[in-house]
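Student: Here's my sequence, what's the structure:
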Amino acid sequence: MIKKIKLVSYITFLMVILHGNSLIAMPKVINILNIDLFGGNSYINGQTNSFGADFVLDWVPVLEFNENFSILPRYCGTYRGNKSLLELEGGGTLYQQLQDHNISVKFLKQFPEAFSLNATLFYMLELARETTDENWLDGLYNYNNGGIDIEAKKVFFSENFPSNLSYGYSFYKTTFPNYSSLASTQYGQELMGGGTGIGNYIFDNYVNELAACFDILVMQKGIFKSSYILSNYNYPDQKVVNISGDYTELKRNDLLNHINVSIDFFFSEFSIGNKFSFAPSVGTYFDFDFFDSNQNYYDVGKYRPTLKFYNYCEQRICLPLNLQFSEPIDLNTSISFQHIQKQYSDRVVQDSLGDYGTEKLQTSQNVWSWNFQYPLPQNFTFIVNLGFISSFSNMRYEKLYLYNFEAWNYSAGIRYEY
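Tutor: Just a heads-up that it's a prediction; the model follows:
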């Protein structure tokens, strides 16, 4: 805790030094406010999760001291009663209610030669409950996350090929306050392989992260983006299990390499007769994840170890299409298709009874999404979302997770922007 306070104090002092006497002047306040209110439902393998409401409040009172220095406090609160496709993907617990509270402060400093530096302090609290009568603070899967993000950015001006390069460092820590209860659940027992002695707070972790991004605008018609993120996860209280099922003094350490490459093309407005006018845009996004962990797994029920249990490689390709209509009415609609392929390097499949086979575990998912937005007076927008996901795998043991399923969801509501 003392180290955290020293780090925060140092960053704050550094930003004060960088902007000189700017804080003496009264800042210009620019409020940015977004409010979403949606209702919807989700289905998995034909079973409904019951109708639920979603609410989002995102407020940023920008403090602009001058053209070179700003402070951006932010609060973003989310309540979700409807399940998104990403939540359904795990197939484990379908939360009845979920809420997030995010608080951050961003210091943004502009320097000569189109160079900028920003530092962000952030904290997030997520509360989840499985039944409506459960106390919010007693949720087994509650967690909090806090840390700091530092980013430097350089803009390169060009008539036909303007671009920017950014690079940064992040540190954040995640803790699960109700772990003692979580360890007794089926999920906790499965994680520990049915054994004991792995540690007291095995889900708590801290992360060091490095990132670099490069964007370039091509002839005012397309945007090419690329990024690389290296994340190192440390679990200070999770011991590594060996091939005999015993826990060593070595602690779990994970490494995630994430690569993203994308390109978007923008086209001039098309007209069909005198009735329809729209401007389309299309894109192609590629994501690659390479995950490596020193943690193994020992199934005490089968007396079977699995080394490098969590290691995997994942590839994603997304093809979005967006249409911005201006005639006969002003509206926006988009559709996207995403294919996700995941291969585990050492984890083998199991049959429906839990007996192990010889094939390595693989999963494949196809995700369709559709979005419709119609602007209303007074900064309101009517929005409809539809989504469908189909998941396939050679894994047949689904006592804890669903690997083979179909799910879809819908939501509709109003957005207010100020």
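
Student: lowest-pLDDT helix or strand in this structure?
Tutor: The least trusted helix or strand in the chain, going by mean pLDDT, DSSP states H and E, turns out to be helix 85-90, with a mean of 43.

Student: immediately after that helix, which helix or strand?
Tutor: Counting by DSSP states H and E, the next helix or strand C-terminal to helix 85-90 is strand 97-111.

Student: which residue packs closest to residue 345, ignoring adjacent ones?
Tutor: In space, and not counting its chain neighbours, residue 345 is closest to residue 311: 4.5 Å by Cβ to Cβ, 6 or more residues apart in numbering. (Glycine included, C-beta is placed from N, CA and C.)

Student: and the one you found, what pLDDT?
Tutor: pLDDT for residue 311: 95.

Student: And the contacts of stretch 352-360?
Tutor: 301-302, 304, 343-351, 394, 396-399 (Cβ atoms under 8 Å, 6 or more residues apart in numbering).

Student: for stretch 242-255, same thing?
Tutor: So stretch 242-255 is in contact with 193, 195, 197-199, 202, 230-241, 291-296, 298, 300, 303, 305, 307, 310, going by Cβ under 8 Å, 6+ apart.

Student: in the stretch 1-150 of the chain, which spans are helices?
Tutor: 2-19, 85-90 (DSSP state H, counting those that start in this stretch).

Student: Any stretches of this protein with poor pLDDT?
Tutor: Residue ranges of the chain with pLDDT under 70: 1-25, 83-96, 180-199.

Student: Quick check: residue 215 touching residue 261?
Tutor: No. When contacts are counted by Cβ atoms under 8 Å, residue 215 is not listed as touching residue 261 (11.4 Å).

Student: any shared contact partners between these two?
Tutor: 225, 226.

Student: okay, now residue 352: neighbour count?
Tutor: 10 (other Cβ atoms under 10 Å).

Student: same deal with residue 248?
Tutor: Other residues near residue 248 come to 10 when the count uses other Cβ under 10 Å.

Student: ok, now the one 4 residues further on?
Tutor: For residue 252, the number of neighbouring residues by other Cβ under 10 Å comes to 22.

Student: One more: residue 267?
Tutor: Neighbours of residue 267 under the rule other Cβ under 10 Å: 12.

Student: ditto for the one 4 residues further on
Tutor: Residue 271 is surrounded by 11 other residues when neighbours are defined as other Cβ under 10 Å.

Student: Show me what it is bridged to.
Tutor: residue 277 (DSSP bridges).

Student: my guess is it contacts residue 325, does it?
Tutor: No. Contact criterion Cβ under 8 Å: residue 271 and residue 325 do not qualify, at 11.0 Å.

Student: anything in contact with each of these two?
Tutor: Applying Cβ under 8 Å, 6+ apart, one finds that residue 271 and residue 325 are jointly contacted by residue 277.

Student: Return stretch 293-302 as PDB; C-alpha atoms alone will do.
Tutor: Provided in PDB are the C-alpha atoms of stretch 293-302 (Å, rounded to 0.1, in the frame of the first residue of the first chain):
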ATOM      1  CA  SER A 293       1.400 -20.200 -18.200                       C
ATOM      2  CA  ASN A 294       3.600 -22.100 -15.800                       C
ATOM      3  CA  GLN A 295       0.500 -23.500 -14.000                       C
ATOM      4  CA  ASN A 296      -0.300 -27.200 -14.400                       C
ATOM      5  CA  TYR A 297      -3.400 -29.200 -13.400                       C
ATOM      6  CA  TYR A 298      -3.800 -32.400 -11.500                       C
ATOM      7  CA  ASP A 299      -7.100 -34.300 -11.700                       C
ATOM      8  CA  VAL A 300      -7.200 -36.100  -8.300                       C
ATOM      9  CA  GLY A 301     -10.300 -38.100  -9.400                       C
ATOM     10  CA  LYS A 302      -8.500 -39.500 -12.400                       C
END
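
Student: May I see the buried residues of it?
Tutor: Neighbour-count burial for stretch 293-302, counted by 16 or more other Cβ atoms under 10 Å, picks out 293, 295, 296, 297, 298, 299.

Student: what's the answer for stretch 53-62, then?
Tutor: Along stretch 53-62, the positions that meet the burial threshold by neighbour count (16+ other Cβ under 10 Å) are 54, 55, 56, 57, 58, 60, 62.

Student: Return the member of the residues you listed nearest to residue 26.
Tutor: Residue 26 lies nearest to residue 62 out of the buried residues of stretch 53-62, by Cβ to Cβ, at 13.9 Å.

Student: can I assume the closest one is in contact with residue 69?
Tutor: No. Using Cβ under 8 Å as the test, residue 62 is too far from residue 69 to be in contact (11.5 Å).

Student: What's the end-to-end length of stretch 133-148?
Tutor: Stretch 133-148 stretches 35 Å from its first residue to its last (Cα to Cα, to the nearest Å).

Student: Please renumber the chain so that the first residue is 573 from this point on.
Tutor: All right, first residue 573 from here; so that's stretch 705-720.

Student: In it, which of the residues would be classed as buried?
Tutor: Result for stretch 705-720 [16+ other Cβ under 10 Å]: buried residues 711, 712, 713, 714, 715, 717, 718, 719, 720.

Student: Check stretch 791-808 too.
Tutor: Across stretch 791-808, burial judged by 16+ other Cβ under 10 Å covers 794, 795, 799, 800, 801, 803, 805, 807.

Student: which ones are touching the second one?
Tutor: Spelled out, it's residue 795. Applying Cβ under 8 Å, 6+ apart, we find residue 795 in contact with 787, 788, 789, 835, 836.
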